[in-house]
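Asks: What follows is a protein structure lacking sequence information:
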């Protein structure tokens, strides 16, 4: 009996010590520069997003924000680096839908689990896509295109920036939702895919709003719908897929920040609150929109719940596409 009591007291003392250490860390955090790992080359959309937030974030936290690029394997190299970092809040990962929600289903031997190996800090943006056709396609609306695709099964091609990416999986979701059959043509990036869309080699694409809006306004392609719940300011005259009759078809990419698993709760709250302050800045929000992302803050707990819903959704899309990466 005495042994049980001593064990219980020891466990209680350990728990109290852990809480005290966590609180002490939160009070002194951050005590050094914060490293933000980007799992893609410098200059890309994810890097631009992180840099937009970093200037204001370092003012809120009182420490420099250092960008660290670890490109490779669709963001997996960077994720592994963060996963192994000390869980003290001084190393964060900025990631997108691919890294957080698609890769776990795409790579059979992925070395990390999104909710197992990371602590969500904040979702910062959502990134809708536009559904595009080239000017040779006779369809002027999404319902007309669906009818056209059904009348030409297997004869309509769609381009993407590569296997397993969001521009590949959104058309796969579209095919399931509409009962159409289109052939996937993967490219090495969106630029060559767009070239072939405009040239007529592919008839359909799903692409991020800024690039899509630019080509649409130049009359080089036709935007039939956007994949968000509401219309996008960059394409105000383009209806949503839901407006066009695809009930519940809301498919939007997202950006967010995560820390290694085990990061103390008090530190997580402090970081999440800092991101919220930055996201409340009008200039940041306006500049984010010009980059093609919609400001969409979620705190740590809500971001974790959001990811819990997104993981099975994108896993189903990957399974339907039949795509697997080594």
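Replies: Sure, I can see it. Predicted, not measured: the structure shown is a model, and the values here were computed from it.

Asks: Any buried residues in stretch 162-176, and which?
Replies: Across stretch 162-176, burial judged by 16 or more other C-beta atoms under 10 Å covers 164-175. Using the backbone N, CA and C atoms, a C-beta is placed for each residue, glycine as well.

Asks: Please produce TSV containing the residues you listed, extended by pLDDT, secondary structure and distance to residue 207.
Replies: Formatted as TSV, the buried residues of stretch 162-176 follow (pLDDT from 0 to 100; DSSP: H, G, I helix; E, B strand; the rest coil; distance: C-beta to C-beta, whole Å):
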residue	pLDDT	secondary structure	distance to residue 207
164	88	coil	16
165	88	coil	11
166	91	helix	9
167	92	helix	6
168	93	helix	11
169	93	helix	13
170	95	helix	9
171	95	helix	10
172	93	helix	15
173	93	helix	15
174	96	helix	13
175	95	helix	16
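
Asks: Could you single out the nearest of those residues to residue 89?
Replies: Nearest to residue 89 among those, counting by C-beta to C-beta, is residue 166 at 29.1 Å.

Asks: For the closest one, list the residues it contacts.
Replies: Residues near residue 166 by C-beta atoms under 8 Å, 6 or more residues apart in numbering: 97-98, 102, 129, 206, 253.

Asks: now residue 227
Replies: 128-131, 170, 206, 240-241, 249-252.

Asks: Adjacent strands (with direction) for the strand ranked longest in the chain?
Replies: Taking DSSP state E as the criterion, the chain has its longest strand at strand 118-127. Here strand 118-127 is paired, per DSSP bridges, with strand 253-260 (antiparallel), strand 294-298 (antiparallel).

Asks: Give me whichever of those strands is most buried.
Replies: Mean neighbour count (mean count of other C-beta atoms under 10 Å) peaks for strand 253-260 among the strands paired with strand 118-127, with a mean of 24.

Asks: the inter-axis angle of the helix or strand just after that strand versus strand 294-298?
Replies: Next helix or strand after strand 253-260 toward the C-terminus (DSSP states H and E): helix 265-279. For helix 265-279 against strand 294-298, the angle by axes from the mean of the first three to the mean of the last three C-alpha atoms, to 10 degrees is 160 degrees.

Asks: Could you list the buried residues of helix 265-279?
Replies: 266-268, 270-272, 274-275, 278-279.

Asks: which outside residues touch that helix?
Replies: 22-23, 25-26, 29, 53, 56-57, 60-61, 88-89, 92, 119, 121-122, 124, 257, 259, 284-285, 295, 297, 299-300.

Asks: Next: stretch 303-316.
Replies: Residues from elsewhere that reach stretch 303-316 (C-beta under 8 Å, 6+ apart): 97, 100-102, 104-105, 114-115, 120-123, 169, 254, 256, 298.

Asks: rewinding a little: which ones among the contacts of residue 227 map onto helices?
Replies: Per DSSP state H, helices hold the following members of those: residue 170.

Asks: Where strands are concerned, which of the contacts of residue 227 count?
Replies: Assigned to strands by DSSP E, the following of the contacts of residue 227 qualify: 129-131, 206.

Asks: Go through those and say which is closest to residue 44.
Replies: residue 129 (16.6 Å).

Asks: quick one, what contacts that closest one?
Replies: 166-167, 170, 206-209, 212, 226-227, 251-253.

Asks: Any of the contacts of helix 265-279 buried? List them.
Replies: 25-26, 29, 53, 56-57, 60-61, 88-89, 92, 119, 121-122, 124, 257, 259, 284-285, 295, 297, 299-300.

Asks: where's residue 202, which helix or strand?
Replies: Per DSSP H and E: residue 202 is located in neither a helix nor a strand.

Asks: quick one, what contacts it?
Replies: Counted by C-beta under 8 Å, 6+ apart, residue 202 has contacts 134, 157-159, 185, 193, 196.

Asks: Next step: those restricted to helices.
Replies: 193, 196.
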